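1. Task: produce atomic coordinates for the following.
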Amino acid sequence: MTGMLTLYELLELLPNNYEPTFSPQLNALYRLLKARKLSEKEAAAAFLQPHQSEKYFNKLKHKLRGQLINYLMIHPVAWADTKWKARCDRCYKEFAAYKILLASSRRNAAIELAKSVLSIAKKLDLFELIFQVSRDLEYHYSAMLPSVSHAKRYAKLADHQLELITAEHFIRRFYNQTTALYNTKNSFTKLDIAHLNEAVTQTLPYLRLNSAKLNRLIYNIAVIRHYCEYNYTEIIRYCDDALVTFTIDYPHYQTFRFAFLQKKVPALIALGRLGEAKDIAKTATQFVVKGQFNWHVILLQRIEVCLHEGHFQEAYDIYQAHHQQGCKYYILSEYWRIIRAYLYFFIQAGHITSYKIERFNLGKFLNEMPIYAQDKAGININILLVQILIEMQREQFGRIIDRIEALQAYATKHLRRPETMRAYLFIKMIIAMEKASFHRVATERKAKRYVDQLAHTPLKVGQSMAVELVPYDRLWAEMLDMLANKFRARKLNKSNSKRTN
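-> Residues are numbered from 1 along each chain as shown. The predicted model follows:
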């Protein structure tokens, strides 16, 4: 049965101005799905008449899928927005046509097309396609149109591609295990590290094959392994080694170059090399298409560097570039909302003087975080901190007091680990501030031991979105600036904690 997700992903590949010429029923279903995203039940309820069955709806979806695939096979797809992607689009379509011609015994046309496919596939490192075509051409020049030299040439090519396919299968197994381990764990045992070391040891020798496609996997394994132990110097070394192999001459290497430039940025931030991080992030921007996923990712990294530098106006200016473009990726939209919340705080604090940002509704912001709110030891920390910052700015101390016990339990349960120790200490500083009744001098005295520990706890970052988006020592200075040398009652009246947006 054709699922709604399948249809929506096919629709994303169509040009925005596409007008279907299907049957009236398929046209109506197409326009319904194009207008807004619906679940299976919602789409059926909106489309079906009382006398029509669910079986009829499923049949229509299946027909629409077929029509969309037919369109995509003939026309350039919307994702083919670079020279490399356009070549991929053409190569796969010509390969499909070649196989159809071969199956239909149209051998002359098939062989001519096979050579075109082979020429493109070689430039794109498409091992499987090269292997299949070269094997077919070896047979053709052995049995159908005998030529010893041609047959030997294609046989040699097929053998080499088979070696690469076998190597890729071996390397990808380690790559899959490495990424699964990294993405499902927050801390790593000695046994985990031993497995990661084994993956690096087993895959590095395959660099001898001099394949950019394989090198990307091999260097990714090495980078992930060192992110697991926060060895930023080694991360940078492997990223630099990878970048040397991906020369700028080949269009499809641009994606590879972007990946390792982007992986360098968090490591440089962790080492305090912010100027280098900013330059690398700017360089990476030239390898992405405006509005695409990686474009948003690198803009977010550039903002992160600015926030660590204390260049808040520059961070806001980069944010505006995103704001004008918009973001269609839901999980990134949440992260952009967190950025906006921090920028709102810095605007109100007077650190951003040129801005066009509307009023900020804190309640709405908190309700728009369904994904990151579940990431208890990750991005959720930023949601909690920016909420406290804005409430302090609005002198809504009663709200902070009401949540302090929950904040203490949250920190103890989710943050008391080496990789989130800085966040844990910062929460303890906030709790100390509440115990000091928000009196500045008393807060500095009660929080001093946590402040000292924070100063001696190194920043730990991963290759994904930052947990410490703004340095905690900077946020602490902002909090102290909002305190006065007077005590505030531990239980405030309701009027002081009344919501204002």
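
2. okay, CA-based contacts and neighbour counts for the rest of this
-> OK.

3. Which helix or strand lies directly C-terminal to the longest helix anywhere in the chain?
-> Determined from DSSP state H, the single longest helix within the chain is helix 148-184. For helix 148-184, the succeeding helix or strand toward the C-terminus, using DSSP states H and E, is helix 190-203.

4. can you list contacts of the next helix or strand after that following helix?
-> Beyond helix 190-203 on the C-terminal side, the first helix or strand identified by DSSP H and E is helix 212-227. Here helix 212-227 makes contact (C-alpha atoms under 8 Å, 6 or more residues apart in numbering) with 125, 168, 171-172, 174-175, 178-179, 182, 193, 196-197, 199-200, 203-204, 206-207, 232, 234-235, 238-239, 242, 245-246, 253, 256, 462-463.

5. mind redoing it with 6 Å?
-> Tyr175, Leu196, Val200, Thr203, Ile235 (C-alpha atoms under 6 Å, 6 or more residues apart in numbering).

6. Can I get those in a markdown table including neighbour count?
-> Shown next, in a markdown table, are those (neighbours: other C-alpha atoms under 10 Å):
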| residue | neighbour count |
| --- | --- |
| Tyr175 | 24 |
| Leu196 | 24 |
| Val200 | 22 |
| Thr203 | 23 |
| Ile235 | 25 |
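
7. Save these as TSV, and put in distance to Val265 and pLDDT too.
-> Listed next are the contacts of helix 212-227 as TSV, based on distance: C-alpha to C-alpha, whole Å; pLDDT from 0 to 100:
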residue	distance to Val265	pLDDT
Tyr175	22	97
Leu196	22	95
Val200	22	97
Thr203	25	98
Ile235	10	97
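
8. would you turn those residues into a markdown table with distance to Asp89?
-> Below are the contacts of helix 212-227 laid out as a markdown table (distance: C-alpha to C-alpha, whole Å):
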| residue | distance to Asp89 |
| --- | --- |
| Tyr175 | 26 |
| Leu196 | 35 |
| Val200 | 33 |
| Thr203 | 30 |
| Ile235 | 34 |
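
9. Which one of the residues you listed is nearest to Thr412?
-> For those, the minimum distance to Thr412 (C-alpha to C-alpha) is 29.4 Å, reached by Leu196.

10. The nearest residue to the closest one once chain neighbours are set aside: neighbour count?
-> In space, and not counting its chain neighbours, Leu196 is closest to Arg225: 5.7 Å by C-alpha to C-alpha, 6 or more residues apart in numbering. The number of residues packed around Arg225, counting by other C-alpha atoms under 10 Å, is 26.

11. Ala110 too?
-> 21.

12. List the contacts of it.
-> Tyr98, Leu101, Leu102 are the contacts of Ala110 under C-alpha under 6 Å, 6+ apart.

13. Just name the closest of these to Lys282, please.
-> Nearest to Lys282 among those, with distances taken as C-alpha to C-alpha, is Tyr98, at 41.9 Å.

14. just to revisit the earlier point, from the chain's centroid, how far away is the longest helix of the chain?
-> On the basis of C-alpha atoms, centre = their mean, to the nearest Å, helix 148-184 sits 26 Å off its chain's mean C-alpha point.

15. Give the other helices and strands that that helix contacts.
-> Judged by 3 or more C-alpha pairs under 6 Å, 6 or more residues apart in numbering; DSSP states H and E, helix 148-184 is in contact with helix 127-139.

16. So for the helix or strand containing Phe256, mean pLDDT?
-> Assigned by DSSP H and E, Phe256 falls within helix 253-270. Across helix 253-270, pLDDT averages out at 92.

17. in it, what's buried?
-> 253-270 (16 or more other C-alpha atoms under 10 Å).

18. Other residues contacting it?
-> Contact with helix 253-270 is made by Tyr232, Ile236, Cys239, Leu243, Phe246, Ala277, Ala284, Phe287, Leu459, Gln463, as judged by C-alpha under 6 Å, 6+ apart.

19. which ones are touching the third one?
-> Listed by C-alpha under 6 Å, 6+ apart, the contact set of Cys239 reads Phe260.

20. That's all I had, so thanks and see you.
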